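**Q** I'd like to go over a predicted model; first the sequence, then the structure.
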Amino acid sequence: MKYDIIVVGSGPGGYVSAIRAAQLGKKVALVERAEPGGVCLNWGCIPTKALLTSAQVYADCSAAARYGIELSGEIRPDLEKIVARSREVAQTMSKGIRFLLDKNGIELIQGFGRLTSRGHLDVDGVDYEAEHIILATGARPREMPFMRIDGEHVISSKQALTLMKLPQSMIVIGSGAIGIEFAWFYATLGVKVTVVEYLPRILPLEDDEVSKVMERTFRKLRATVLTSTTVKQVEVSPDGVCRVEIEGKKGKETLAADQVLAAIGIQANIEGIGLEEVGVEVERGKIKVDEYYRTHIPGIYAIGDIVPGPALAHVASAEGICCVEHICGLNPQPVDYTTIPSCIFTTPEVASVGATEQQLQEQGIEYKVGRFPFTASGKATATGDRDGFIKLLFGADERLLGAHMVGAHVTEMLGEATVAKTLGATAHRIARTIHAHPTMNEGIMEAAEAFLGAAIHL
């Protein structure tokens, strides 16, 4: 059967591409070997947030006395029920994707897709033809030779989503978004957690001050944070104890735990999909594409985690829309990679967009800072969420260059900063935009006012 567009992979890049193509009148097929929705909906973003919500409810109940609420009886987490709810949420979202595909007349082809020649895709022995083929095959947890994932003792993020019993102790290797969210989840539920990070600070891609706040957060949870620490070897003893050889500030030592979570990044799913046969160029483990996600082979495109750029669900979706609209002749604006929002759903939350101070300093760009601490926020004080701050970075022309936030609900506030940066908003415009009171979000206005020297509450 022949289609206008075939999309391989149904994650946030793939299914969004397919739906947009169908909206533009194309005959579309979507190839998926597992559940519709990809890793994000089934084994990543969505079920992880369900777990984190359960942990937050547990933490809130445990702290109820602070708010004048007395709870009787033992408060304890039931991991089986927490995981069951998470899986139910994932299944609901996956069913929603199926509904959207049916609604838009997109054929879902179950199986493994492999390029055989220009315009042809083999799916489990059946040949399909399309004028345009978009690869959106996503990524999987990276595995290292010194740390083999067995799925029981040494686990990846996928197994961390479905544990049926809380371990007494866990070592989390890697402190990016995935590692730090799971570290927070398990530490909040009472697991003795140790975070091991090779770089000098946790959340190394975030603002330095944000990292410091989060390190204090983990110490409050009685978790151990080891930065500037190299993992040499991970072994499992005959009695099931995980032993991790590390070298850090104290020299060489061996850590022991019930489980080890490997969270050291992801690896693009580009093996076995026919790239070599067709001649698609790959560089440093990613497919080479132009600003419209065209490979150098006409009619073959790639988006999402398999191309250079941030491996984020919303980035894949934006790339997919740009790719499809270019195919359809709409002349879209290329994706602006300087304005990619990033969220981490711990407590406190972390949210950022644009450049960090370190990046601006490295590039020699002049900037000034507007900062607002949540200790000065009426809403934060009323809700008991005073940890954290908002930091806005403005250039010489007073336009927003970056925003970095840590605190309660900052992921829901990030949209304003992202729009402000996209539109080139100045500190004056942000400061003079009336924000509702009392809200956490008015902290953005307050940070802009601080930059202008017009802060009222500082």
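**A** Alright, I've got the coordinates. Residues are numbered from 1 along each chain as shown.
**Q** quick one: contacts for Arg445?
**A** Quick fix: residue 445 reads Met, not Arg. Neighbouring residues of Met445 by Cβ atoms under 8 Å, 6 or more residues apart in numbering: Ile430, Ala431, Thr433, Ile434, His435. Every C-beta, even on glycine, is put in place using the N, C-alpha and C of the backbone.
**Q** tell me the mean pLDDT over the helix or strand hosting Val231?
**A** Using DSSP states H and E, Val231 maps to strand 230-236. When pLDDT is averaged over strand 230-236, the result is 96.
**Q** now the helices for the stretch 101-250 of the chain?
**A** All helices of the stretch 101-250 of the chain, identified by DSSP state H, counting those that start in this stretch, fall at 157-160, 177-188, 208-220.
**Q** just the stretch 251-400 of the chain next, same as before
**A** 275-278, 313-327, 357-363, 378-383.
**Q** now those helices as CSV including mean neighbour count, mean pLDDT and distance to Ala187?
**A** CSV is the format used below for the helices of the stretch 251-400 of the chain (neighbours: other Cβ atoms under 10 Å; pLDDT from 0 to 100; distance: least, Cβ to Cβ, whole Å):
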stretch, mean neighbour count, mean pLDDT, distance to Ala187
helix 275-278, 16, 95, 41
helix 313-327, 23, 98, 25
helix 357-363, 13, 96, 27
helix 378-383, 15, 97, 22
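**Q** if we can go back for a sec, return the members of the contacts of Met445 classed as buried.
**A** Buried residues within the contacts of Met445, defined by neighbour count using 16 or more other Cβ atoms under 10 Å: Ile430, Ala431, His435.
**Q** from memory the last one sits against Ile444, does it?
**A** Yes - judged on Cβ atoms under 8 Å, His435 makes contact with Ile444 at a distance of 7.0 Å.
**Q** picking that back up, going by distance to Val335, which of the buried ones among the contacts of Met445 wins?
**A** Nearest to Val335 among those, counting by Cβ to Cβ, is Ile430 at 24.0 Å.
**Q** Can you check which of the helices of the stretch 101-250 of the chain gets nearest to Asn331?
**A** Among the helices of the stretch 101-250 of the chain, the nearest to Asn331 by Cβ to Cβ is helix 177-188 (33.7 Å).
**Q** How far off centre is the closest one?
**A** Chain-centre distance of helix 177-188: 13 Å, with Cα atoms, centre = their mean, to the nearest Å.
**Q** what helices or strands is that helix leaning on?
**A** Applying 3 or more Cβ pairs under 8 Å, 6 or more residues apart in numbering; DSSP states H and E, we find helix 177-188 packed against helix 45-62, helix 157-160, strand 169-173, strand 192-196, helix 208-220, strand 259-262, strand 342-344.
**Q** Just name the most buried of the ones you listed.
**A** With neighbours defined as mean count of other Cβ atoms under 10 Å, the helices and strands packed on helix 177-188 peak in mean count at strand 259-262, which reaches a mean of 26.
**Q** Give me the most central residue, this protein.
**A** By Cα atoms, centre = their mean, the chain has its centre lying nearest to Leu312, at 5.4 Å.
**Q** Now do it against Ile273, distance only.
**A** Computed as Cβ to Cβ, to the nearest Å, the Leu312 to Ile273 distance reads 21 Å.
**Q** Over to Tyr58?
**A** In this structure, Tyr58 and Ile273 are 42 Å apart, going by Cβ to Cβ.
**Q** Then His435?
**A** Plainly put, His435 is 48 Å away from Ile273 if you go by Cβ to Cβ.
**Q** again with Phe185
**A** For Phe185, the distance to Ile273 (Cβ to Cβ) stands at 33 Å.
**Q** thinking again about what came up before, any idea which of the helices of the stretch 251-400 of the chain gets closest to Lys250?
**A** Minimum separation from Lys250 across the helices of the stretch 251-400 of the chain (Cβ to Cβ) falls at helix 357-363, 26.8 Å.
**Q** who's in contact with the closest one?
**A** Applying Cβ under 8 Å, 6+ apart, the external contacts of helix 357-363 come out as Asp207, Asp208, Ala355, Tyr367, Val369, Leu393, Leu401, Gly402.
**Q** and which of these is nearest Lys103?
**A** Ranked by distance to Lys103 (Cβ to Cβ), those are led by Gly402 at 38.6 Å.
**Q** I'd like the buried ones among the contacts of Met445 written out as JSON lines, with secondary structure and distance to Thr295 added.
**A** Compiled in JSON lines, the buried ones among the contacts of Met445 are given as follows (DSSP: H, G, I helix; E, B strand; the rest coil; distance: Cβ to Cβ, whole Å):
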{"residue": "Ile430", "secondary structure": "helix", "distance to Thr295": "40"}
{"residue": "Ala431", "secondary structure": "helix", "distance to Thr295": "46"}
{"residue": "His435", "secondary structure": "coil", "distance to Thr295": "45"}
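**Q** Dump those to a markdown table, plus distance to Gly320 and pLDDT.
**A** As requested, the buried ones among the contacts of Met445 are exported to a markdown table (distance: Cβ to Cβ, whole Å; pLDDT from 0 to 100):
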| residue | distance to Gly320 | pLDDT |
| --- | --- | --- |
| Ile430 | 31 | 98 |
| Ala431 | 36 | 97 |
| His435 | 33 | 97 |
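**Q** Distance to Gly304 for those residues - can I get that in CSV?
**A** CSV is the format used below for the buried ones among the contacts of Met445 (distance: Cβ to Cβ, whole Å):
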residue, distance to Gly304
Ile430, 32
Ala431, 37
His435, 35
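**Q** Mind picking the one among those residues that's closest to Ala376?
**A** Of all the buried ones among the contacts of Met445, His435 has the smallest distance to Ala376: 14.3 Å, by Cβ to Cβ.
**Q** Tell me which residues touch that closest one, please.
**A** Residues counted as contacts of His435 (Cβ under 8 Å, 6+ apart) are Asn441, Glu442, Ile444, Met445.
**Q** Buried residues in stretch 433-449, which are they?
**A** Across stretch 433-449, burial judged by 16+ other Cβ under 10 Å covers His435, Thr439, Met440, Asn441, Glu442, Gly443, Ile444, Met445, Glu446, Ala447, Ala448, Glu449.
**Q** typo on my end, it should be stretch 258-272
**A** Within stretch 258-272, the residues that count as buried by 16+ other Cβ under 10 Å are Asp258, Gln259, Val260, Leu261, Ala262, Ala263, Ile264, Ile266, Ala268, Asn269, Ile270.
**Q** Break down the stretch 351-458 of the chain into its strands, ranges please.
**A** With strands called from DSSP state E, counting those that start in this stretch, the stretch 351-458 of the chain shows them at 367-373, 389-395, 400-407.
**Q** Okay, now the unreliable bits of the chain?
**A** Filtered on pLDDT under 70, the chain yields the residue ranges 455-458.
**Q** neighbours of Ala427, just the number please.
**A** Neighbourhood size, Ala427 [other Cβ atoms under 10 Å]: 24.
**Q** Pull the contacting residues for it.
**A** Per Cβ under 8 Å, 6+ apart, neighbours of Ala427: Gly370, Leu392, Phe394, Glu398, Leu400, Ala448, Phe451, Leu452.
**Q** hmm, try it at 10 Å
**A** Ala427 makes contacts with 368, 370, 392, 394-395, 397-400, 420, 447-452, 454, as judged by Cβ atoms under 10 Å, 6 or more residues apart in numbering.
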